[in-house]
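J.: this one's structure only:
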């Protein structure tokens, strides 16, 4: 079956709209994890802070990913501000990530898909490739992006540099901890955000991997419903469990490769 056949048979357009409660969840999911991790780091409990920092990064990915597809339920400025502020908190130009992610959907796993380069690597190769991946998405955006993307990338990188300088200059140790963890997490993106959901799918790139075990989706905040996301990228993450049920009802025999 083709992508278009699936889109025609599955009801999905009603899932694009968020209720006020859902909008609040999608736009504030990062806050408790960030506050807890920073509080623990402030008092020197760095080991205890680590899982909360990890969940902050994961929920931050969910938030900006919805922002890429205009699925946060907010206006244009608030969506932009979400991407900008998370750039500083997550130590990467989120608009550079957005540019490459939109291209990833358009050119999935082809030579033009710079985000997806690690999908064809071994798992350890994808991990080692992480720093190159982060450098490349900035480089490609500055080379191929339009004026708005270039302006946003420069603004975000400049803001990151200023904040990092101030944090190290004033020796704000709990923020130093946070930035180090975020850089480390960014270096793992080629593995977690690309390889885990796309390896061994080159023959049918539109059929990305997915995760259907409920407890696994709960601890990963539904971020591994990737088959569903590639088929219907406009659907917000909070609606992906329902979308998965609809796809299963319409196409019970559709191939579903698991992420983990």
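T.: Done, it's in. Fair warning: this is a prediction, and the values are worked out from it, not measured in the lab.
J.: mind giving me the packing neighbours of the one helix or strand residue 34 maps to?
T.: Assigned by DSSP states H and E, residue 34 belongs to helix 31-42. Counting contacts by 3 or more C-beta pairs under 8 Å, 6 or more residues apart in numbering; DSSP states H and E, helix 31-42 packs against helix 46-68, helix 173-187. From N, CA and C alone the C-beta is placed, and that goes for glycine too.
J.: how about it: buried residues?
T.: 33-34, 36-38, 40-41 (16 or more other C-beta atoms under 10 Å).
J.: relative to helix 173-187, how tilted is it?
T.: Between helix 31-42 and helix 173-187, the angle comes out at 120 degrees (axes from the mean of the first three to the mean of the last three C-alpha atoms, to 10 degrees).
J.: what sits against the one residue sitting closest to the centre of the chain?
T.: Compute the mean C-alpha point of the chain, and by C-alpha atoms, centre = their mean the closest residue is residue 61, 3.6 Å away. Each residue near residue 61 by C-beta atoms under 8 Å, 6 or more residues apart in numbering is listed here: 193, 223.
J.: go ahead and confirm residue 201 touches residue 257.
T.: Yes: using C-beta atoms under 8 Å, residue 201 is in contact with residue 257, at 6.8 Å.
J.: find residues that contact each of the two.
T.: With C-beta under 8 Å, 6+ apart, residue 201 and residue 257 have common neighbours 207, 209.
J.: so for these two, which sits in the more crowded spot?
T.: residue 201 (22 against 16; other C-beta atoms under 10 Å).
J.: tell me how far that one lies from residue 188.
T.: According to C-beta to C-beta, to the nearest Å, residue 201 and residue 188 sit 20 Å apart.
J.: please determine how far the residue lying farthest from the centre of the chain is located from residue 221.
T.: If you look at how far each residue of the chain sits from its centre, by C-alpha atoms, centre = their mean, the farthest one is residue 170, at 31.0 Å. Distance, residue 170 to residue 221, using C-beta to C-beta: 33 Å.
J.: what does residue 239 give?
T.: Taking C-beta to C-beta, one finds residue 239 at 13 Å from residue 221.
J.: residue 149 too?
T.: 27 Å.
J.: again with residue 71
T.: Distance from residue 71 to residue 221, by C-beta to C-beta: 14 Å.
J.: who has more neighbours, these two?
T.: More crowded of residue 71 and residue 221, by other C-beta under 10 Å: residue 71, with 22 against 16.
J.: these two touch, right, that one and residue 16?
T.: Yes: using C-beta under 8 Å, residue 71 is in contact with residue 16, at 7.2 Å.
J.: pLDDT weak spots in the stretch 1-150 of the chain?
T.: 1 (pLDDT under 70).
J.: all helices of it, in order?
T.: Under the criterion DSSP state H, counting those that start in this stretch, the stretch 1-150 of the chain contains helices at 3-9, 20-28, 31-42, 46-68, 76-90, 94-106, 123-144, 147-169.
J.: okay if I get those helices as JSON lines plus distance to residue 209?
T.: Shown next, in JSON lines, are the helices of the stretch 1-150 of the chain (distance: least, C-beta to C-beta, whole Å):
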{"stretch": "helix 3-9", "distance to residue 209": "16"}
{"stretch": "helix 20-28", "distance to residue 209": "23"}
{"stretch": "helix 31-42", "distance to residue 209": "25"}
{"stretch": "helix 46-68", "distance to residue 209": "16"}
{"stretch": "helix 76-90", "distance to residue 209": "24"}
{"stretch": "helix 94-106", "distance to residue 209": "14"}
{"stretch": "helix 123-144", "distance to residue 209": "13"}
{"stretch": "helix 147-169", "distance to residue 209": "28"}
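J.: which of those sits most buried?
T.: Ranked by mean neighbour count under mean count of other C-beta atoms under 10 Å, these are led by helix 94-106, which reaches a mean of 22.
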